[in-house]
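>>> Here you go, sequence then predicted model.
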Amino acid sequence: MSRLRVAIQKSGRLSERSQEVLKSCGLKFARSKDKLFWYGQDFPVDLLLVRDDDIPRLLLDGVCELGIVGENIAMEVMLERDGRDQLHCLRKLGFGHCRLSIAVPEERGCASISELQGMRIATSYPELTRHLLKEQNVQATIVELSGSVEIAPGLGTADAISDLVSTGTTLRANHLRELDVLFRSEAALYGRIDGISAAKRELLDRLLARLEGVMQAAESKYVMLHAPREALQKITELLPGVEHPSVMPLEGSDRIAVHAVCGEKVFWEHLEALKAAGASAILVLPVEKMLA
Ligand code: PRT
Ligand code: ZN
């Protein structure tokens, strides 16, 4: 029988969420002793646990069909291996958010990246940095480092850095100032799927449909509330991502009950606006599974 292989990060920022998302799709794995290969039990999809940098390479080398990795790494390897038409981003996964930014020493009076012409930029993402700077007509000397990029300006080995940022704490701790964002990244499911067999394609389509359901459920909330009948149109407009709510009469009252699946994030501001429009007894519930 055909099986698919998915590579995920063994340990690190993306590993737990990558496992969770696959488990939410109903995949269960028998963990092997060496922990590098997990056999899929109920669904013919197996896991390969590796370093994140290896994931796009394993896809390009045909070792596995699918992989969960940050867009930053996928782009870097695709540029390095000129494999941009071979890897497809099948679904962004909504975690592992970060940005590849150019940062300069705080005291440097530099206002835009155009001023970095001819300067030395330290980075672990040489291809992506070079490519994105070139798009903005900046020619810089790339100093490739495998880690601790943020200390390069202090050591005098670079004038600026191009590194991943999430909270900005690392930059501040190293007296660096974020000058510009080159690239925004999150974890995504990538596939090398051109020319796979019809049986594998069918498996992939089932997995993607489940994943879509999981992602939509994660982004959705089920909202229930009571409202005056005459406020229905206003209430519907205020529910994020809702067009046709279910409306039910309330026994012995001229108010109605409104139920709806909100396809977009529901914030406190939305609830406050609903209340101001006459809604009461507002409940927001998580959605566990969804199949369109
Ligand atoms: O061992 P392996 O090679 O698998 O893991 P790794 O150490 O190379 O990667 P890991 O686990 O650190 O990161 C995996 C992926 O998480 C990255 O490729 C990104 O897609 C994503 N990610 C999200 C981040 C960050 N946020 C992040 N903040 N990766 C790294 N950082 C680092 C950054 O390099 C910098 O040193 O965190 C520091 C900055 O963080 P702040 O919060 O101080 O701004
Ligand atoms: Zn890595």
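Now that the structure is in, tell me what you want to look at. Ligands and ions are numbered 1, 2, ... in the order given.
>>> any idea which element whatever residue of the stretch 151-292 of the chain ends up closest to ligand 2 lies in?
The nearest approach of the stretch 151-292 of the chain to ligand 2 comes at residue 164, 10.7 Å away (CB to the ion). For the C-beta atoms, the positions are set from N, CA and C on the backbone; glycine is no exception. Assessed by DSSP states H and E, residue 164 sits inside strand 160-165.
>>> For that strand, give me every contacting residue.
72, 98-104, 108, 110, 116, 119-125, 129, 140, 149-150, 152-153, 170-171, 176, 178-179, 182, 185 (CB atoms under 8 Å, 6 or more residues apart in numbering).
>>> How about residue 77: what's its closest non-neighbour residue?
In space, and not counting its chain neighbours, residue 77 is closest to residue 56: 3.7 Å by CB to CB, 6 or more residues apart in numbering.
>>> need the contact list for that neighbour.
Counted by CB under 8 Å, 6+ apart, residue 56 has contacts 67, 69, 73, 74, 76, 77, 78, 81, 83, 87, 190.
>>> what's the average pLDDT for the helix or strand hosting it?
According to DSSP H and E, residue 56 maps onto helix 54-60. Here helix 54-60 scores 96 as its mean pLDDT.
>>> and the following helix or strand past that helix with ligand 2, contact?
Downstream of helix 54-60, the next assigned helix or strand under DSSP H and E is strand 66-70. No - using CB under 5 Å from the ion, strand 66-70 never reaches ligand 2; the gap is at least 9.0 Å.
>>> can you list the residues that contact strand 66-70?
Under the contact criterion CB under 8 Å, 6+ apart, strand 66-70 has outside partners 4-9, 14, 18, 21-22, 52, 55-56, 58-59, 90, 93, 96, 98, 185-191, 204, 207.
>>> Could you verify my assumption that residue 236 touches residue 247?
No - Residue 236 lies out of contact with residue 247 (CB atoms under 8 Å); the separation is 9.1 Å.
>>> Find residues that contact each of the two.
Taking CB under 8 Å, 6+ apart as the contact rule, residue 236 and residue 247 both touch residue 258.
>>> re the thing from before, sheet-wise, list the partners of the strand holding residue 164 with their directions.
Sheet pairing here is set by DSSP bridges, and for strand 160-165 it gives strand 98-105 (antiparallel), strand 120-123 (parallel).
>>> so what secondary structure elements neighbour the following helix or strand past the shortest one?
For strand 120-123, the following helix or strand on the C-terminal side (DSSP H and E) is helix 126-135. In terms of contacts (3 or more CB pairs under 8 Å, 6 or more residues apart in numbering; DSSP states H and E), helix 126-135 is packed against helix 71-81, strand 98-105, strand 120-123, strand 141-144, strand 176-185.
>>> still on that earlier bit, ok, which of the contacts of strand 66-70 also contact ligand 1?
9, 14, 52, 96, 98, 185 (CB under 6 Å from any ligand atom).
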